Every structure is written in structure tokens, then in C-alpha cells.
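S.K.: Next come a sequence and a model predicted from it.
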Amino acid sequence: MFTNQSAELSLNAPCKSVTAVKADRLESRFLLGGCCIPDDSANRIHVVRYHSDVNVVGLDASLHHPTGPIERLVASPNDRTLVLTLAERSNAVTLYRLPNSVMENSNDLMMDSETTTSATDYATSYSDSYRQDSSHHTYDSGSSSSGVLESKVALESDAQMLDMTWRANSMDLDDPPGMLASSTPGDVLTLDAAGNVQQWDLSMGMAESMHAISAGDNNTKTLPVGCIPRVVWDPHHGSQLAVSWGRAVQFLDLRTAIGIADDFGKGMNMTRAHRYGVTDVDYNPNKPFTLATSGLDGVVQFWDTRNTRRPIMTARGGHSHYAWQVSYNPFHDQLLLSTGTDAIANLWRVSSISSAPLLTLEAENNPMPDDTMESSDAPNVRVARHEASESIYAATWSAADAWMYMTVAYDGRLALHHVPSKEKYKILL
């Protein structure tokens with residue numbers, strides 16, 4: 001059933017991170033990380049699933065996270081039971097395995113703390129509660145838990161860990177669940193507070209650091225308040241990556257352990273990508289050499305990594321405070337999400353610099369307008385705006401449905417949204 005109506009669920013606990021279960025291409029399943037420092041019982045990984053037949057988001061499990069409040073989490077692209085988590089102020093990234101009973105690829109069974117019920121009955125009960133409370137569902141994080149996390153290995157550093165990422169590999173559907181060998185050597189990167197990027201090999205069921213490279217010199221280590229560095233793989237060049245640090249973005253090559261140079265031998269780094277600091281970086285998944293950044297200046301900018309002297313486009317007017325995260329649609333790069341500490345999440349259509357510009361639109365490389373509510377026939381425009389009660393630190397696209405995405409506010413209220421049908425048809429037709 002296709003709908004444009006959002007579905008909501010409240011976890012009743014602070015939350016700053018969400019990731020789609022990337023290895024599950026059959027069901028829209030997501031992992032959310034609780035981050036309540038005083039109450040350790042609220043530091044959990046919540047497994048939620050979308051039921052399209054009744055347009056409801058249901059909770060499959062709430063698993064205690066023993067290493068503390070979750071700052072970041074990233075699901076494996078090849079195994080639906082594996083997830084990397086980063087606890088606040090921790091010197092290690094931990095690889096956990098989720099219970100198979102929770103992550104089994106079936107919509108017939110759903111697990112709670114005491115019983116196993118059919119998904120239809122479970123979703124029907126949620127649908128009834130929607131009629132009673134049209135705003136959102138509520139879940140008491142201390143009331144139930146399903147299974148336990150299995151700690152597999154810790155990726156440790158001498159300095160505080162700041163970020164990690166998993167290389168997006170093609171999934172082999174013939175691989176049995178829980179098969180670590182489906183990963184290629186060195187497909188995990190971590191970034192620590194000393195500016196070191198480490199490449200890790202997890203293919204043999206253990207963590208082996210292949211080598212480390214520096215993301216900058218000592219003059220670039222000072223960070224603006226509220227600015228957390230990020231590291232991301234280049235999906236088109238397997239050995240290359242981008243690291244944001246303060247106001248700069250640096251491009252590195254793992255083969256040479258040095259920065260990438262242009263045709264004239266000069267570094268391709270962006271020394272002033274955003275006025276006050278860069279908060280997030282994401283590569284266009286379909287078009288090489290195209291990068292999006294968000295910043296403390298509240299804007300989203302788009303870059304050609306072959307010429308980084310100035311952005312090729314700027315999206316203004318979407319946020320009145322920090323633009324915290326930016327995320328390309330992994331299937332259709334005309335679509336992009338941005339979230340902010342102003343409690344706003346935006347869905348942008350960026351057609352003119354995509355891999356497949358919309359033919360019905362005037363595809364000129366014009367900047368995003370300040371007035372994002374202009375005609376929907378513009379090639380680059382904000383097509384949806386979602387407001388929450390608190391800061392929206394994270395959003396993610398579904399791995400099973402190209403037209404679905406989830407946002408999560410700091411108060412634990414998550415919302416699952418659909419790309420407007422008119423935008424879907426503009427891209428497909």
C-alpha cells in the first residue's frame with residue numbers, strides 16, 4: 001500500500017542516531033541508539049520495522065547497550081545481524097551481533113519480551129492505538145527487552161573515537177546470516193580525536209588494523225564548539241575517502257596515505273567548506289566527484305571534488321540553526337535529506353547536478369533559492385519540511401524502499417516519511 005501519510009513512534013528516551021538495516025532489502029527495518037547518560041537502562045539499541053499494510057512503525061526489540069550512551073551506529077551492508085556502535089567519550093568502536101530471533105527476515109513473527117505474536121495482530125493493536133492517539137505511539141524503554149547483544153570485537157584507539165563508517169559492498173543473497181566472510185578486507189574506517197583514520201579488517205571474525213593515516217597536521221586539530229569530525233568512503237573510488245575537520249574537508253587516498261592532488265599537483269582539500277564548521281559529509285552515490293556537506297552556518301553545499309575553490313550549489317533557507325546531517329538517497333540522487341538542531345528535517349530535490357536531471361525541468365546550475373517555497377517546477381527546491389519538538393540529529397533512507405526515510409528527534413520520537421508521490425513520478429516518468 002502506497003501512502004504519503006507519516007507513521008510515528010515515541011521511544012520515550014533521548015536518541016541521536018539511526019541507521020537502516022542495509023542488508024535487509026525485503027523489509028524496511030531500522031536501528032536507533034538511545035543516549036541517556038544518567039539512566040543506563042535507557043541506553044539501548046531499538047529495532048523497529050515498518051508495516052506497510054497498516055502504515056505503522058512497530059518495535060521488534062529493545063536491546064541493552066552495555067558500553068554506554070550511543071553516539072553513532074552503523075549497520076553492516078552485508079549482514080543484517082551486525083552493527084558497529086560508538087559510545088559517548090569512548091576510545092573504542094564495538095562490533096555487536098543482534099539476536100537472530102529479532103532480525104529474522106520474516107514479517108510473520110514479531111518478538112516482544114514475553115510472547116511471540118503475529119505481525120498482523122501486532123500491527124492491528126498499534127493501529128487501534130493510533131485511533132485513540134492520533135499524534136504518535138509511545139514505548140516505555142524500561143518495560144521490555146528482547147534478547148541480548150553479543151559483543152564480537154572492539155576497534156580500539158589511544159584517543160577518543162569520533163566516527164566510523166562501513167564500506168558499502170554489494171550483498172550476496174546466498175550468504176548465510178551472520179557470515180563475517182561476506183565482508184572484504186579493510187572495509188571499516190574509524191576516526192579518532194587525534195586525527196587518525198584507521199582501516200580495519202573484520203573478514204576473519206577479528207579486528208585487525210591494516211594501517212592508519214593522518215587526517216591533518218597539528219594546525220587543523222582545533223575544532224569549533226559543537227563540530228564533530230566525520231569520515232566517509234568515496235563510493236566510486238574504493239581507496240579514497242573524505243574527512244571533515246573543523247571548517248575543512250580533506251581528501252585522502254589509502255594507497256599512498258597522503259592527500260589527493262589535482263592535475264597540477266595541488267591538494268584538493270577544502271580549507272573553508274563552511275564558515276563556522278562542517279558537521280557532515282556525503283558522496284553522491286551515482287555521480288562521481290560530487291559531494292554534499294552541511295555546516296554550523298545552517299546551509300547545505302554541493303561540491304565538485306575536482307575543483308574545490310567554491311561550491312557548485314548552495315541550499316539556503318532550510319535551517320535556522322546548525323544543519324547537522326546530510327544524506328543522499330542511495331537509489332535516486334535527485335533526492336537528499338538534511339536535518340538540523342532547529343528541529344527541522346528537509347527533503348530536497350537537487351536535479352540539475354544529479355546523475356539523471358529531470359527532463360521536464362529547466363536543468364540549470366542555479367543556486368538553491370532563499371525562498372524554498374517557490375514553484376515546484378524549479379529544478380532545485382525543498383519539496384518537504386518536517387518539524388519536531390527537539391533537535392533532529394539523524395535521518396536515514398530505507399534500504400528496502402527507495403521512497404521512504406526516517407527521522408529521529410532527540411526526545412526519541414521517530415517519524416517515517418514517504419517521498420511525495422508527485423516527486424516520485426517526476427523521477428520515474
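M.R.: Nice, I can see it.
S.K.: what are the ranges of the strands in the stretch 51-200 of the chain?
M.R.: All strands of the stretch 51-200 of the chain, identified by DSSP state E, counting those that start in this stretch, fall at 56-64, 70-75, 82-87, 92-97, 109-111, 116-118, 137-138, 150-156, 161-166, 188-192, 196-201.
S.K.: Check the ones you listed for me: which has the lowest mean pLDDT.
M.R.: Note on the strands of the stretch 51-200 of the chain: lowest mean pLDDT is at strand 116-118, with a mean of 38.
S.K.: quick one: buried residues of stretch 277-294?
M.R.: 277-286, 290-294 (16 or more other Cβ atoms under 10 Å). Every residue, glycine included, has its C-beta placed from N, CA and C.
S.K.: among the residues you listed, which are in strands?
M.R.: Among the buried residues of stretch 277-294, the members found in strands (DSSP state E) are V278, T279, D280, V281, D282, Y283, T290, L291, A292, T293, S294.
S.K.: and N43, how far is that from P14?
M.R.: 9 Å (Cβ to Cβ, to the nearest Å).
S.K.: Give the residues shared as contacts by these two.
M.R.: G34, C35, C36 (Cβ atoms under 8 Å, 6 or more residues apart in numbering).
S.K.: of those, closest to M161?
M.R.: The closest of the shared contacts of N43 and P14 to M161 turns out to be C35 (Cβ to Cβ; 14.9 Å).
S.K.: show me the contacts for that closest one.
M.R.: Going by Cβ under 8 Å, 6+ apart, C35 touches P14, C15, K16, S17, N43, P69, I70, E71, E88.
S.K.: Show me the beta-bridge partners of H51.
M.R.: V56 (DSSP bridges).
S.K.: Return the residues in contact with C36.
M.R.: Contacts for C36 (Cβ under 8 Å, 6+ apart) come out as A13, P14, A42, N43, P69.
S.K.: Of those residues, just say which sits nearest to M270.
M.R.: P69 (31.4 Å).
S.K.: helices or strands next to the helix or strand where T396 lies in the packing?
M.R.: Using DSSP states H and E, T396 falls within strand 392-397. Applying 3 or more Cβ pairs under 8 Å, 6 or more residues apart in numbering; DSSP states H and E, one finds that strand 392-397 contacts strand 15-20, strand 323-328, strand 335-340, strand 344-350, strand 404-409.
S.K.: how much space between the spatially closest residue to V419 that is not a sequence neighbour and A193?
M.R.: Closest residue in space to V419, ignoring its immediate chain neighbours: W403 at 4.3 Å, by Cβ to Cβ, 6 or more residues apart in numbering. Counting by Cβ to Cβ, the gap from W403 to A193 is 38 Å.
S.K.: more crowded one of the two?
M.R.: Using other Cβ atoms under 10 Å as the criterion, W403 and A193 rank with W403 on top: 21 against 17.
S.K.: List the residues that contact the more buried one.
M.R.: By Cβ under 8 Å, 6+ apart, the residues touching W403 are H418, V419, K424.
S.K.: now do E387
M.R.: If a contact means Cβ under 8 Å, 6+ apart, then E387 has A343, I344 as its contacts.
S.K.: who does it bridge with?
M.R.: I344.
S.K.: Where does the record place the domain boundaries for this structure?
M.R.: The chain is divided into the following domains under automatic domain parsing: 1-174, 215-429.
S.K.: Mind putting those domains into CSV with distance to S209?
M.R.: Putting these into CSV (distance: least, Cβ to Cβ, whole Å) gives the following:
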stretch, distance to S209
domain 1-174, 8
domain 215-429, 13
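S.K.: separation between the nearest residue to Y410 once chain neighbours are set aside and V48?
M.R.: Nearest non-adjacent residue to Y410, counting by Cβ to Cβ, 6+ apart: E390, 4.2 Å away. According to Cβ to Cβ, E390 and V48 sit 19 Å apart.
S.K.: These two: which has the busier surroundings?
M.R.: V48 (24 against 14).
S.K.: mind checking which helix or strand that one is in?
M.R.: Going by DSSP H and E, V48 is in strand 44-51.
S.K.: Then K426?
M.R.: helix 421-428.
S.K.: averaged over its residues, what pLDDT does that helix have?
M.R.: Mean predicted confidence for helix 421-428 is 91.
S.K.: Only the buried residues of that helix, if you could.
M.R.: Those buried within helix 421-428 under the rule 16+ other Cβ under 10 Å are E423, K424, K426, I427.
S.K.: Then stretch 14-26?
M.R.: Of the residues in stretch 14-26, P14, C15, K16, S17, V18, T19, A20, V21, K22, A23, D24 count as buried by neighbour count, 16+ other Cβ under 10 Å.
S.K.: Can you lay out those residues as CSV showing pLDDT and distance to M270?
M.R.: Converted to CSV, the buried residues of stretch 14-26 look like this (pLDDT from 0 to 100; distance: Cβ to Cβ, whole Å):
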residue, pLDDT, distance to M270
P14, 93, 32
C15, 95, 31
K16, 94, 26
S17, 97, 26
V18, 97, 27
T19, 98, 26
A20, 97, 28
V21, 96, 32
K22, 94, 28
A23, 93, 33
D24, 93, 35
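S.K.: out of the residues you listed, what pair is the most spread apart?
M.R.: Within those, P14 and A23 form the most distant pair, 27.1 Å apart (Cβ to Cβ).
S.K.: and W303, what does it touch?
M.R.: Per Cβ under 8 Å, 6+ apart, neighbours of W303: V249, M270, A273, T290, L291, A292, T293, P311, I312.
S.K.: in a strand, that's where it is, yeah?
M.R.: Yes. With DSSP: H, G, I helix; E, B strand; the rest coil as the criterion, W303 is part of a strand.
S.K.: what number of residues lie near D304?
M.R.: Neighbour count for D304, taken as other Cβ under 10 Å: 17.
S.K.: in the protein, what spans have low per-residue confidence?
M.R.: Counting by pLDDT under 70, the chain contains low-confidence residues at 1-3, 105-146, 169-185, 205, 216-221, 257-267, 359-377.
S.K.: ok, 80 please
M.R.: The model of the chain has pLDDT under 80 over residues 1-4, 37-41, 105-147, 168-186, 203-206, 209-212, 215-224, 226, 256-268, 358-378.
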